[in-house]
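Chemist: Build me a structure from this.
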Amino acid sequence: MGIKERQERDRETVRRAILDAARDLFVSEGYANVSIRKIAERIEYSPAALYSYFPSKDDIFFALAAEGFTRLNEAAPIGSGGRFHPAAPATPLDHLRESVWRIYQFSYDHPEYFALMFLDRTVPRLSQADECFVSAREGKERLRALIQSCIDAGDLPATLRAEVALRLLTVGLVGMAALRISHRISERERPDALARDLLDVTIAGLQSGLALRSYSFEEWPLEIAAHDPSSPSS
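Modeler: As a prediction, the model looks like this:
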């Protein structure tokens with residue numbers, strides 16, 4: 001291995017250590033309570049050294065969020081089984097159901113990423129970072145296309161707007177996952193079963209042609225992280 005390759009490998013190792021330490025600290029202490037100095041102390045580096053990898057604490061979060069969306073988009077290949085659908089989907093609607101279920105499954109497979117991306121209200125808005133925005137949009141467009149295929153196949157009403165259906169299908173599962181991961185719902189209440197029922201009831205409601213009050217919106221739940229302008233940033 002040449003000098004340049006070794007340097008690149010070493011730099012990537014340090015970058016990975018920064019991200020892992022920051023993720024653990026952000027989740028355990030809250031984004032607003034973590035500074036660049038605290039991250040540097042965790043990996044025994046100087047704060048100045050960290051700034052050579054990431055210009056700010058926000059940039060560390062954006063890198064972690066981009067990783068999270070990439071993991072979400074790549075989660076559990078369709079037909080691989082899992083907590084909801086034991087076999088390969090046979091219809092466009094089965095395909096949609098399994099794909100949407102990945103959001104809930106993500107909270108099991110990557111709980112720290114889920115907590116950081118969806119539970120901490122002090123993190124920056126994801127739309128401020130192009131890399132995160134692109135990753136989130138890719139996942140959104142994939143689901144929107146699946147919904148449209150269900151509409152085209154007659155599984156969902158022709159009058160249904162795919163963007164509205166997308167929001168209705170995702171907000172509930174994000175909420176259920178948040179309740180479970182934050183221990184606001186007990187295992188005795190069978191959160192997985194509740195989440196499955198919620199998804200089935202939502203799909204049944206969409207199929208019924210029920211008049212909807214909601215409307216399409218530029219952002220969707222997986223792009224939104226509440227931002228408190230008064231929160232400190234390093």
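Chemist: which SS class is the closest residue to residue 61 other than its chain neighbours?
Modeler: For residue 61, ignoring the flanking residues on the chain, the nearest one in space by CB to CB, 6 or more residues apart in numbering is residue 123 at 5.6 Å. No exception for glycine: its C-beta is placed from N, CA and C like everyone else's. Under DSSP: H, G, I helix; E, B strand; the rest coil, residue 123 falls in the coil class.
Chemist: you'd agree residue 123 is up against residue 64?
Modeler: No - applying CB atoms under 8 Å as the test, residue 123 and residue 64 come out as separate, 9.4 Å apart.
Chemist: Compare these two (neighbour count), which wins?
Modeler: Between residue 123 and residue 64, counted using other CB atoms under 10 Å, the more crowded position is residue 123 (25 against 21).
Chemist: Distance check, that one against residue 23.
Modeler: Distance, residue 123 to residue 23, using CB to CB, to the nearest Å: 12 Å.
Chemist: Next, show the common contact partners of the two.
Modeler: Counting by CB atoms under 8 Å, 6 or more residues apart in numbering, the common neighbours of residue 123 and residue 23 are residue 116.
Chemist: which residues in this structure form helices?
Modeler: 3-29, 36-42, 47-51, 57-73, 92-109, 111-118, 130-152, 162-181, 191-208 (DSSP state H).
Chemist: export those to JSON lines and tack on mean pLDDT and distance to residue 214?
Modeler: Output for these, formatted as JSON lines (pLDDT from 0 to 100; distance: least, CB to CB, whole Å):
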{"stretch": "helix 3-29", "mean pLDDT": "93", "distance to residue 214": "31"}
{"stretch": "helix 36-42", "mean pLDDT": "97", "distance to residue 214": "40"}
{"stretch": "helix 47-51", "mean pLDDT": "95", "distance to residue 214": "42"}
{"stretch": "helix 57-73", "mean pLDDT": "92", "distance to residue 214": "23"}
{"stretch": "helix 92-109", "mean pLDDT": "93", "distance to residue 214": "16"}
{"stretch": "helix 111-118", "mean pLDDT": "92", "distance to residue 214": "20"}
{"stretch": "helix 130-152", "mean pLDDT": "86", "distance to residue 214": "14"}
{"stretch": "helix 162-181", "mean pLDDT": "94", "distance to residue 214": "6"}
{"stretch": "helix 191-208", "mean pLDDT": "96", "distance to residue 214": "11"}
